[in-house]
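[1] Sequence plus predicted model, see below.
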Amino acid sequence: METLIQVLIDGLLSGMVYALVAAGLCIIWGVMDVINFAHGEYLMVGMYVSYWLGFLAHVDPLVSVLASGAFVFLLGALTYKLIIRYTIRRPGLVALLATFGLAMFLKNLCMNRFSPNFRILSDTWLGGKTFLVGSLILPVPQLAAGILSLVTIGLLYALINGTRFGWAVQATAMDREAAELMGINTERIYVLIFGIGGACVGFAGGIMPSYLAVHPEVGSMFGLIAFVCVAMGGFGSIPGAFLAGLLVGIVEALAGFYIAPVFKYIAVFGLYLAVVFLRPKGIFGW
Amino acid sequence: MNPKEANRVLGKDGPWLVFAALLFVMPFVPFVGENSFRMHIMILILLFAAMSQAWNIIGGYCGQVSFGHSVFFGIGAYGAGMAVVAYGVPPWPGILTGMIVAAAVAVIISWPCFKLSGHYFAIATFAIVEIFNRGFLVWDWVGGALGLDYPLVEEGLWNLMWHDSKTGYYYCALVLFLITFGLVRWLEGHRFGYYLRAVREGQETAESLGVNSTAVKLAAMALSAALAALCGAFFVQYNLRVDPPMVMSLDMSMKFVLITVLGGSGTLVGPLLGATVLIPLQEYSRALWGGLGGGVDLIVFGLLIIIIVVKQPAGIIGIIRDIGKHAARRRAAGKEEADHGAP
């Protein structure tokens, strides 16, 4: 029983990070109907920013999270300005292929500059610390990442649903022309949304180097899992992406522990297929 | 502007002319001089043109953008590989089995997937690739993560293997290319081809006219998967080894989609144009910069993909059409001027 709870806790903690990565993809998808194939690579870039700040300037990941977020925000805005802007009125496949090219570019650029070595920050404030509750072990770095994810997703949700900017975003998502007629600068909304989507994964990537090794391929699987979470949650629904992220984390942990580690991704992708075969537009989709 | 003029560049007869010219020229390529790198590129162009044409049936003509074709490609590859490595027989029975299994798998997994639309369908196909990839990695019977390494057997068509030169492979790739292109050319004029395009343009409309869209999509998927398996089998015969990341990866699937979309999705010559541009880019950038280490070739390749996709989303065929239209417009303008200029 205790093992089960421990496994569930581990699953929940990694699920929260998945949820944050997925939330970033989710608003981009929801507002622009674009699948950003380079989303996982954004995470990798965020991790490298935090890693190098920690390694060269001894900044703790808890602080460099802000730098990673800002950096990936700019990367996202730049991606929109240089690539997505030209593909937005074309079929969705065009943007997907262009961002696939971007993913390839970013991944190999990091491979070239930083070598394919696995890198981890060793002495951080939280690194290696654990929290004991009864006989359950709560790893502090993962806990911090989970809390950061929760807070960021909450802020994102509040931003989209409770501010004038958020209403403008929703209006743009519903009907771009009509929103423009209402005086909304939709071009600026698009840039900001791509940036904010990037900042979400930037935050996630920023806090991770204290417990997960950075390497150029680290983002690919996170990216795929984010696609799965967003589609499972339902088109552009932040609560849906959040719930799907938690579900994916738990299923991954359970399958990894009770079946075999190699089966955890088979279980995750199988879960996605099962969900969309029952609800073709995702849990919260319509 | 004269649409007839524009059509003449690559209109109704255009693909046929290109096709005929190729048919005439291609068999003589090996006689130009044995250069094994050039032969390698020619073989890959033909193979990937054929493979992308197989994808084009379902992705281009029928409009169901699948990122799962590396699964069928991989099943074909493993079919041939298992026949040679595990049973020590020529690859032919394995190729046939692979094609049948791929078609069956395609029907089984596509049936529920076709209920999904747009991005949901695309992500479901991503998920299927990952499931198959991981499944094959732990499946000991097919060699697991180590993959299958070919024994060296006597060369010739019987074993579908050549050692001294690549000429044999070249002619096989050419046959593969002719089979897929001929089939698609035939489909274009056939009732089934019209069904495919009708489903792409509007599924509800097609159904209201009595087209059974599910049956059409499943049949197209099965055909496409069987051809993909055939290409996969040739790929493994050419490489003499197979492992899951090599054939059943998202990157492989993306390559088929990219080639078709870059060339011109839903057109007969599109896959050939795409492969003719993309494969040499990939191979020459690998040859030029691959030695520098650290993926410089892929950095360049990624950038090129972005530039081509952003600048010309209609593909290379779009560029050719634009040039054709431009020429026609200029000719028309020149004629007009001449008409007005004359007293």
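    Nice, thanks for sending it over. Residues are numbered from 1 along each chain as shown, chains lettered A, B, ... in the order given.

[2] gap between the longest helix along chain A and the chain center?
    When chain A is parsed with DSSP state H, its longest helix is helix A:2-32. Centroid separation between helix A:2-32 and its chain, computed with Cα atoms, centre = their mean, to the nearest Å, is 8 Å.

[3] Heading C-terminal from that helix, find the next helix or strand.
    Later in the chain than helix A:2-32, the nearest helix or strand by DSSP states H and E is helix A:39-57.

[4] how many degrees apart are that next one and helix A:2-32 in direction?
    If you take axes from the mean of the first three to the mean of the last three Cα atoms, to 10 degrees, helix A:39-57 sits at 110 degrees to helix A:2-32.

[5] Where do the strands of the stretch 101-250 of chain B begin and end?
    In the stretch 101-250 of chain B, the segments counted as strands under DSSP state E, counting those that start in this stretch are B:148-149, B:241-242.

[6] residues near B:Met252, how many?
    22 (other Cβ atoms under 10 Å in any protein chain shown). Every C-beta, even on glycine, is put in place using the N, C-alpha and C of the backbone.

[7] what does the stretch 151-286 of chain A put close to chain B?
    Contact residues (Cβ under 8 Å from any Cβ of the partner chain) of the stretch 151-286 of chain A with chain B: A:224, A:227-228, A:231, A:235, A:260, A:262-263, A:265-266, A:269-270, A:272-273, A:276-277, A:280-282.

[8] Filter the residues you listed down to the ones in strands?
    With strands defined by DSSP state E, no entry of these lies inside them.

[9] So how do I select the buried members of these in ChimeraX?
    Selecting the buried subset of those in ChimeraX, with 16 or more other Cβ atoms under 10 Å in any protein chain shown as the burial test, is done by:
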select /A:224,227,228,231,235,263,265,266,269,270,272,273,276,280,281,282
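
[10] what pLDDT does A:Pro141 get?
    On pLDDT, A:Pro141 comes in at 88.

[11] number of nearby residues for it?
    Summarising burial for A:Pro141: neighbours were counted as other Cβ under 10 Å, giving 24.

[12] cool, and B:Asp164?
    Neighbours around B:Asp164, by other Cβ under 10 Å: 8.

[13] Next, give phi and psi for it.
    Backbone torsions of B:Asp164, given as degrees, to the nearest 10, read phi -70, psi -50.

[14] nearest spatial neighbour of it, skipping sequence neighbours?
    Spatial nearest neighbour of B:Asp164, chain neighbours left out: B:Glu155 (7.2 Å); criterion: Cβ to Cβ, 6 or more residues apart in numbering or on different chains.

[15] how near is that neighbour to B:Asp149?
    17 Å (Cβ to Cβ, to the nearest Å).

[16] what does A:Leu246 give?
    43 Å.

[17] Neighbour count for those two, which is higher?
    For A:Leu246 versus B:Asp149, neighbours defined as other Cβ under 10 Å are more numerous around A:Leu246 (19 against 12).

[18] Which pLDDT value belongs to that one?
    A:Leu246 carries a pLDDT value of 94.

[19] what residues are up against it?
    Applying Cβ atoms under 8 Å, 6 or more residues apart in numbering or on different chains, we find A:Leu246 in contact with A:12, A:15-16, A:18-19.

[20] Now render those as a markdown table, adding distance to chain B, neighbour count and pLDDT.
    Shown next, in a markdown table, are these (distance: Cβ to the nearest Cβ, whole Å; neighbours: other Cβ atoms under 10 Å in any protein chain shown; pLDDT from 0 to 100):
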| residue | distance to chain B | neighbour count | pLDDT |
| --- | --- | --- | --- |
| A:Leu12 | 22 | 17 | 93 |
| A:Gly15 | 18 | 28 | 94 |
| A:Met16 | 21 | 24 | 94 |
| A:Tyr18 | 15 | 27 | 94 |
| A:Ala19 | 17 | 32 | 94 |
